[in-house]
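# Fold the following, please.
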Amino acid sequence: MLILNKTAGVFFKPSRRKIYEFLGGFHFHPGKLFLHKLVLGIETSCDDTAAAVVDEAGNVLGEAIHSQTEVHLKTGGIIPPVAQQLHRENIQRIVQEALSASDVSPSELSAIATTVKPGLALSLGVGLSFSLQLVDQFKKPFIPIHHMEAHALTIRLTNKVEFPFLVLLISGGHCLLALVRGVSDFLLLGKSLDIAPGDMLDKVARRLCLIKHPECSTMSGGKAIEHLAKQGNRLHFDFQPPMQRAKNCDFSFSGLQHVIDKMIMQKEKEEGIEQGQILSSAADIAAAVQHTVACHVAKRTHRAILFCKQRGLLHQSNAVLVVSGGVASNLYIRKALEIVTNATQCTLLCPPPRLCTDNGVMIAWNGVERLRAGLGILYNTEGIRYEPKCPLGVDISKEVGEAAIKVPRLKMKI
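Now for the predicted structure:
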């Protein structure tokens, strides 16, 4: 049994009977020979239980996912112990489904890759514990995965992208800009100083009670804002993008959320309705919020591109901006970023929507990348632990701020 630090918590350890039941579900192929690397990826960093088998050519041989969205929508947010229990209930089935779909038995794997940082401690523990049981049973190498590194490298599964490239990772739990120079070589240019954009959009959606809106009742908060914004007029509300005087690449969303909350309270008084009822101006507020977030994200990304080009960190003519994470599927924000890349002669690339949100494919692919590069492959898992908080790469955000690059004004006609 592994001993973890206090912040890491206690592992969920499946019973021996459950492991034998799990192993009994496979048909082994003693005569079958794989001539290429096969990696099983397991993801449980937040509220999705996911697994996939990917080969070194980038072929997804099998995948499975169990989403907890419906459960957390009812509680108004993710409750970590609930997420942990749902991971426990589903991880064995999900891994078995991914392996069965790929027609690969655990003994045929080259390695097992699992998200160990960052994320919800209780959720990470379930995935790591289950993975270590498999690693021990089949004597396979273990590859610990940084969740944000996996998001950043997913584009190399779907597109032919060479290093270096710039990546913007935007989701419900993260917001950062980084230069990707290699599989595990990142320069952090900027990050959110408080909450993530997806978290803010979810909170605004909850404050607007969009779950009671007939068109949005089954949508996550961010999806509900994007959907309703199409029906609204953003010009009816004037929210200023945050940190306009700060000439760096950091982000901030909590102050904006506070301003929006005050505006919603004011409109409720004007319309004579109580909190919990839907405002007649909800669509206009959604449109204005989405536009403000898009402008804030676009400006910080614009500065990051200019900084990297000035320092020779990116190619002048064929630089690539990769946008990934759950919020990357928001088409309005993506269009704002297209305006920036068009103005800076960059190529904008996004993984397909299903690979922007948390999934097992990106973890398996990150495992393949590390296996090929010979980076971070563990043959002894003693002392391995999960890390709920973990920075990505080398932080040069102070250097970016000291450069104080002025960003040309762009017209955000979306």
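
# What are the buried residues along stretch 296-315?
Within stretch 296-315, the residues scored as buried using 16 or more other Cβ atoms under 10 Å are 296-309, 313-314. Glycine gets a C-beta too; all of them are placed from N, C-alpha and C.

# With stretch 114-127 instead?
Judged by neighbour count using 16+ other Cβ under 10 Å, the buried positions of stretch 114-127 are 114-127.

# if you look at the buried residues of stretch 296-315, which of them are in helices?
296-309 (DSSP state H).

# which residues does Asn248 contact?
190, 300, 303, 397, 400-401 (Cβ atoms under 8 Å, 6 or more residues apart in numbering).

# quick one: terminal-to-terminal distance for stretch 96-108?
End-to-end span of stretch 96-108 (Cα to Cα, to the nearest Å): 14 Å.

# from the chain's centre, how far out does it sit?
Relative to its chain's centre, stretch 96-108 lies at 25 Å (Cα atoms, centre = their mean, to the nearest Å).

# Tell me where this protein has strands.
Applying DSSP state E to the chain gives strands spanning 38-43, 48-55, 60-67, 111-117, 142-146, 165-170, 175-182, 185-191, 319-324, 346-349, 394-395.

# Adding distance to Gly367 and mean pLDDT, write the ones you listed out as JSON lines.
Output for the strands of the chain, formatted as JSON lines (distance: least, Cβ to Cβ, whole Å; pLDDT from 0 to 100):
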{"stretch": "strand 38-43", "distance to Gly367": "4", "mean pLDDT": "98"}
{"stretch": "strand 48-55", "distance to Gly367": "8", "mean pLDDT": "97"}
{"stretch": "strand 60-67", "distance to Gly367": "13", "mean pLDDT": "96"}
{"stretch": "strand 111-117", "distance to Gly367": "3", "mean pLDDT": "98"}
{"stretch": "strand 142-146", "distance to Gly367": "5", "mean pLDDT": "98"}
{"stretch": "strand 165-170", "distance to Gly367": "19", "mean pLDDT": "98"}
{"stretch": "strand 175-182", "distance to Gly367": "16", "mean pLDDT": "98"}
{"stretch": "strand 185-191", "distance to Gly367": "17", "mean pLDDT": "98"}
{"stretch": "strand 319-324", "distance to Gly367": "17", "mean pLDDT": "97"}
{"stretch": "strand 346-349", "distance to Gly367": "22", "mean pLDDT": "98"}
{"stretch": "strand 394-395", "distance to Gly367": "23", "mean pLDDT": "98"}
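
# So which of those strands is nearest Glu97?
strand 60-67 (3.7 Å; Cβ to Cβ).

# contacting residues around the closest one?
So strand 60-67 is in contact with 38, 47-55, 86, 90, 93-95, 97-104, 359-361, 364, going by Cβ under 8 Å, 6+ apart.

# Give me the buried subset of those residues.
Counted by 16+ other Cβ under 10 Å, these give 38, 47-55, 86, 90, 94-95, 97-102, 104, 359-361, 364 as buried.

# follow-up on the earlier one: which two among the buried residues of stretch 296-315 are spaced furthest apart?
Farthest pair in these, by Cβ to Cβ: His296 and Leu313, 22.9 Å.

# how about stretch 38-48: buried residues?
38-48.

# can you pull the contacts of Ala343?
Ala343 sits in contact with 302, 408, 410, where contact means Cβ under 8 Å, 6+ apart.

# and which of these is nearest to Gly393?
Closest to Gly393, out of all of the contacts of Ala343 and judged by Cβ to Cβ, is His302, at 20.8 Å.

# Pick the one among the buried residues of stretch 114-127 closest to Leu166.
Of the buried residues of stretch 114-127, the one sitting nearest to Leu166 (Cβ to Cβ) turns out to be Pro118, at 20.9 Å.

# For the closest residue in space to that closest one that isn't next to it in sequence, which residues are in contact?
Closest residue to Pro118 apart from its sequence neighbours, by Cβ to Cβ, 6 or more residues apart in numbering: Cys390 at 4.5 Å. When contacts are counted by Cβ under 8 Å, 6+ apart, Cys390 touches 117-118, 146.

# Compute the distance between Cys390 and Ile264, please.
Here Cys390 is placed at a distance of 35 Å from Ile264 (Cβ to Cβ, to the nearest Å).

# now swap in Pro241 and tell me
Per Cβ to Cβ, Pro241 is found 19 Å from Ile264.

# re the thing from before, can you redo the buried residues of stretch 114-127 as a markdown table with distance to Thr381?
As requested, the buried residues of stretch 114-127 are arranged in a markdown table below (distance: Cβ to Cβ, whole Å):
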| residue | distance to Thr381 |
| --- | --- |
| Thr114 | 10 |
| Thr115 | 15 |
| Val116 | 11 |
| Lys117 | 15 |
| Pro118 | 19 |
| Gly119 | 19 |
| Leu120 | 21 |
| Ala121 | 18 |
| Leu122 | 20 |
| Ser123 | 19 |
| Leu124 | 15 |
| Gly125 | 14 |
| Val126 | 16 |
| Gly127 | 14 |
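
# Which ones among these lie within helices?
Using DSSP H, those in helices are 121-127.

# Kindly indicate which of those residues lies nearest His72.
Ser123 (12.0 Å).

# Gly222 and His146, how far apart?
Counting by Cβ to Cβ, the gap from Gly222 to His146 is 23 Å.

# More neighbours: which of the two?
Neighbour totals were compared for Gly222 and His146, and Gly222 leads with 25 against 21 (other Cβ atoms under 10 Å).

# Pull the number of nearby residues for the closest residue to the more buried one other than its chain neighbours.
Nearest residue to Gly222 in three dimensions, chain neighbours excluded: Leu201, at 4.3 Å (Cβ to Cβ, 6+ apart). Applying other Cβ under 10 Å, we find 28 residues neighbouring Leu201.
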